[in-house]
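**Q** model this:
(chains A, B, C and D)
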There are 2 protein chains.
Amino acid sequence: MGKKVTIYDLAEKLKVSPATVSRALNDHPSISRKTKERILSVAKELGYRTNKFAVNLSKQKSNTIGVIVPRLNSNFMSTVLAGIEKVANEIGYNLIISQSLESAEKEVLNAKTLYDSGVDALMVSLAYSTEDFDHLTAFTERKIPLLFFDRVSDLPNCPTILIDNRAAGYDATEHLIQQGCKNILHIAGSLKRNVYSERFEGYKNALGQYGLPFEKANLLEVTLDLSQVPEIVEHIKKSKSRIDGIFVANDTFAVHCMKELKKEGYRIPEDIKVIGFNNDPVSEVISPDLSTIDYPGYKMGVLAGQSIIGHLNGSINLQSANQITLRHSLIVRESTLNTENKTE
Amino acid sequence: MGKKVTIYDLAEKLKVSPATVSRALNDHPSISRKTKERILSVAKELGYRTNKFAVNLSKQKSNTIGVIVPRLNSNFMSTVLAGIEKVANEIGYNLIISQSLESAEKEVLNAKTLYDSGVDALMVSLAYSTEDFDHLTAFTERKIPLLFFDRVSDLPNCPTILIDNRAAGYDATEHLIQQGCKNILHIAGSLKRNVYSERFEGYKNALGQYGLPFEKANLLEVTLDLSQVPEIVEHIKKSKSRIDGIFVANDTFAVHCMKELKKEGYRIPEDIKVIGFNNDPVSEVISPDLSTIDYPGYKMGVLAGQSIIGHLNGSINLQSANQITLRHSLIVRESTLNTENKTE
DNA sequence: GTGAAAGCGCTAACAG
DNA sequence: CTGTTAGCGCTTTCAC
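**A** Now for the predicted structure:
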């Protein structure tokens, strides 16, 4: 592999113009089959490799998609990313991935960097603390496709892809109610984010629907950091009216609550039933295994990728903000088993 | 935010040359404090944003690091990536992440793409099926730093970062032996990859050290796909001499084996002891909780990032191929508890 | 301390 | 079907 072969080298060697070489290399229709072949063969022979820097500058695009996620290392997010990467990779786009670590400031910085890097599109799932979206409107103003997934915003004209969190929250809560729970605790993440606020709404709606009162004390808004598990359990122990069901906004946290509750002598599902969210691998490993809401992360990634690529190719009209809602589903396992017959 | 402000616009407005503007923007020493300030202020005022495409072309570098991993969506890998991203992000490098999906062909393709994209450095963790490394030598030939982590190669002059898999395999096996196991099964991944072959070696060494014979039938080389769990369990049930210990090359697989074994009536650790590898979150969730080897993934990512950046900055000599070995540690939990006193 | 000018390698409008 | 000619926006010698 030699050093730096350019289209000029090829042009010179073949006694044609650089333009012709460029066209041949890009399979331009108006180049004779013959010269195309000659050029291609010499290119291969000399080990020519196209210089993306030059292409990018000339075309003002980079064949690159930027992604900002709260964090890479959660099962759900890495699964989504795997889906995105797969489709991006297949059609030859590179993926620049950055994490906001749930910090709005970092999200802003990342957005700036990606903007300056000249990404052709941006996909984001918002940080906990993000409140305004100026760092993102810069993209839409420049007509750079901007897509939200999972943790979305209400920015106009931006495709979003998510599940119906309200319905999912409703389903989870309804299930607990149907299994006999009367006093259900809900453990939520930051209510600034749609995913948590809507799950909470679903929870409230279900309570209302079944004639159960919503107690303020039964909503715990936390960061879902595992270090908070003990205080949650403490809360449950101290609760005036006995809590007999918990709807947790994610499986990991749910599972660790279960562990702690079991240590404290609670029997699940006899004393207290638990349902999580996400269908994380841990939900199948805990004992009793955890009822949950299946969240199709990989599919979400794939669809997000396809959607953004559609916009990039102009095959979808960016103006008509479209929203894709994926189907979730309730997964019933042992942690919410109705044991009334046995325990009564 | 206006449209496309270039250094020429600034130059014109300020009656200076583009060169001066460029220097000022890059904080070049030979520009007077005064003009520097003027330029900077006008730049801000006009909303100037540097065009990376032009910079890249001019400098022939991209401020971008490529990463190829087998897959994004494993807890271990996403944790490593989180570490890499953190340090890359901090010093202003972008990360292009791609997955080989354990396929050598895809790895080759990804390498080509990243090469053409002009990444300044490449970090890779090899696919199962990769056998030769021509797709990677292209990088070293062009003096592009190439680093391996976790699944490494023996390519000369490439920094690698890993743990001592042989010692870790030894430790795991030794632990089982010390807990009274006499007939230990080892479930390995592709023995083409250092991580698995060396864990296997460690296993064999430990057996030898303790005077236990190594039975070929006790080595199972699998893809570690969960669909293989049933056949593993079948193997255990059918084994001539009763298997009393299993050393599994990763926790996820170990955990699912445990579930299946429990279903089949095996008591863990009484009938059979199990130890995994990675200290994956699931290892703490299964019951009995799983003994394992702690694998510092995040730290590995951080160090890998720092190492490659050191090379990029020239602060480390690329020629002196260095190898960083991280410390692993045995984590003893219930799944390997010696219950002899109780059961005898 | 600042300017002029030559690239960096490729693309694309316009001619022929 | 092919060549000419400007860019794309920034960096960087080499002068002054």
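
**Q** which parts of chain A sit against DNA strand C?
**A** For chain A, the residues in contact with DNA strand C (CB under 7 Å from any atom of the strand) are A:4, A:6-8, A:18-19, A:22, A:25-26, A:48, A:50-51, A:53-55, A:57-59. To be clear about C-beta, it is placed using only N, CA and C from the backbone, and glycine gets the same treatment.

**Q** of the residues you listed, which belong to strands?
**A** Secondary structure from DSSP state E places none of the residues of chain A next to DNA strand C in strands.

**Q** identify the residues contacting stretch A:283-296?
**A** Outside of stretch A:283-296, the residues within contact range by CB atoms under 8 Å, 6 or more residues apart in numbering or on different chains are A:76, A:163, A:168, A:171-172, A:175, A:251, A:254-255, A:258-259, A:268-269, A:273-280, A:282, A:326-337, B:255, B:259, B:282, B:285-287.

**Q** between the two ends of it, how far is it?
**A** The separation between the terminal residues of stretch A:283-296, taken as CA to CA, to the nearest Å, is 15 Å.

**Q** what about the helices in chain A?
**A** If DSSP state H is used as the criterion, the helices of chain A fall at A:7-14, A:18-25, A:33-46, A:52-59, A:75-90, A:104-117, A:134-141, A:165-178, A:194-209, A:229-238, A:251-263, A:281-285, A:297-312, A:340-343.

**Q** in CSV: those helices, plus mean neighbour count and mean pLDDT.
**A** Written out in CSV, the entries for these read as follows (neighbours: other CB atoms under 10 Å in any protein chain shown; pLDDT from 0 to 100):
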stretch, mean neighbour count, mean pLDDT
helix A:7-14, 17, 92
helix A:18-25, 19, 94
helix A:33-46, 14, 91
helix A:52-59, 18, 96
helix A:75-90, 23, 97
helix A:104-117, 20, 96
helix A:134-141, 17, 92
helix A:165-178, 22, 98
helix A:194-209, 21, 98
helix A:229-238, 15, 96
helix A:251-263, 22, 97
helix A:281-285, 24, 97
helix A:297-312, 22, 94
helix A:340-343, 8, 56
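
**Q** those into CSV, with extra columns for distance to DNA strand D?
**A** Converted to CSV, those look like this (distance: least, CB to the nearest atom of the strand, whole Å):
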stretch, distance to DNA strand D
helix A:7-14, 7
helix A:18-25, 3
helix A:33-46, 4
helix A:52-59, 4
helix A:75-90, 25
helix A:104-117, 10
helix A:134-141, 16
helix A:165-178, 42
helix A:194-209, 37
helix A:229-238, 50
helix A:251-263, 44
helix A:281-285, 46
helix A:297-312, 20
helix A:340-343, 71
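
**Q** looking at the ones you listed, which is nearest to residue B:246?
**A** helix A:281-285 (16.7 Å; CB to CB).

**Q** go ahead and confirm residue A:137 touches residue A:156.
**A** No: at 9.8 Å, residue A:137 does not count as touching residue A:156 under the criterion of CB atoms under 8 Å.

**Q** how near is residue A:79 to DNA strand C?
**A** Distance, residue A:79 to DNA strand C, using CB to the nearest atom of the strand, to the nearest Å: 35 Å.

**Q** number of residues surrounding residue A:239?
**A** As a burial measure, the neighbour count of residue A:239 was computed by other CB atoms under 10 Å in any protein chain shown and equals 14.

**Q** got the phi and psi for it?
**A** Summarising the backbone geometry of residue A:239 under the convention degrees, to the nearest 10, its torsions are phi -60, psi 130.

**Q** how confident was the prediction at it?
**A** On the pLDDT scale, residue A:239 is placed at 92.

**Q** now it, nearest residue through space, not along the chain?
**A** residue A:217 (7.1 Å; CB to CB, 6 or more residues apart in numbering or on different chains).

**Q** do me a favour and get the end-to-end distance for stretch A:21-41?
**A** 11 Å.
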